[in-house]
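Undergrad: sequence plus the predicted model coming up.
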Amino acid sequence: MAVQADTAQALVDAIFLFGRSLRNALASAADDPIAPALVVVLVALSARGSCRQNELASALCVSQSALSRQMTELVDAGLVERHPDPDDKRAFRVQVSEKGHEVLHTTKEGRSARLRDLLGGWSQEEAAVALTTIERLTDTLTPRSESLSLTADQCGRALR
């Protein structure tokens, strides 16, 4: 049976509020070493490995100019490295540096600890059911036509 209109609207509202709540609870802590927007770029780049910046922009669904500003910040901080593309001398490939992987690991641990604290009243089984549901929603809402986009599984592996 198809999802009813009022249920779909309630899901839209709940998903929007969930995203905002999650960002507020986890990504705005003063002890995070870098800004949340830069963490997203590091996670995506870590999952992809070495790639061209335009490929990463496409995967993140952002403009190349928006990503360029973030990449400059990450390169200047030593968290991302740029290397000439061996297949095209005019292009560069980017990858997370060793320092970037360390920052990503530290950020992941901090966010995981904060979420564990917030979910203190939840059982492991309840958390596993929530994870399965969120992964299914993410897979359903991710357009299949965007072959460069990260899947929920790739993002999850990058954060582990």
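TA: Right, received. Where do you want to start? Numbers count the residues shown, from 1 in each chain.

Undergrad: what's around residue 83, how many residues?
TA: Neighbourhood size, residue 83 [other Cβ atoms under 10 Å]: 10. C-betas here are computed from N, CA, C, even on glycine.

Undergrad: correction: the previous question concerned residue 108.
TA: Using other Cβ under 10 Å, residue 108 is surrounded by 15 other residues.

Undergrad: and if you look at residue 73?
TA: Around residue 73 there are 16 other residues, counting by other Cβ under 10 Å.

Undergrad: please identify which helix or strand holds it.
TA: Per DSSP states H and E: residue 73 is located in helix 64-76.

Undergrad: in whichever helix or strand comes after that helix, what's buried?
TA: Next helix or strand after helix 64-76 toward the C-terminus (DSSP H and E): strand 80-85. For strand 80-85, the buried set under the neighbour-count rule, 16 or more other Cβ atoms under 10 Å, comprises 80, 81.

Undergrad: other SSEs contacting strand 80-85?
TA: The contact analysis (3 or more Cβ pairs under 8 Å, 6 or more residues apart in numbering; DSSP states H and E) places strand 80-85 against helix 36-48, helix 64-76, strand 88-96.

Undergrad: quick one, the last one and helix 36-48 angle?
TA: Here strand 88-96 runs at 110 degrees with respect to helix 36-48, directions being taken by axes from the mean of the first three to the mean of the last three Cα atoms, to 10 degrees.

Undergrad: run the chain-centre distance for whichever helix or strand comes after strand 88-96.
TA: Next helix or strand after strand 88-96 toward the C-terminus (DSSP H and E): helix 98-118. The chain centroid and the centroid of helix 98-118 are separated by 13 Å under Cα atoms, centre = their mean, to the nearest Å.

Undergrad: elements contacting the helix or strand following helix 98-118?
TA: Elements were assigned by DSSP H and E; along the chain past helix 98-118, the next helix or strand is helix 124-141. Judged by 3+ Cβ pairs under 8 Å, 6+ apart, helix 124-141 is in contact with helix 152-159.
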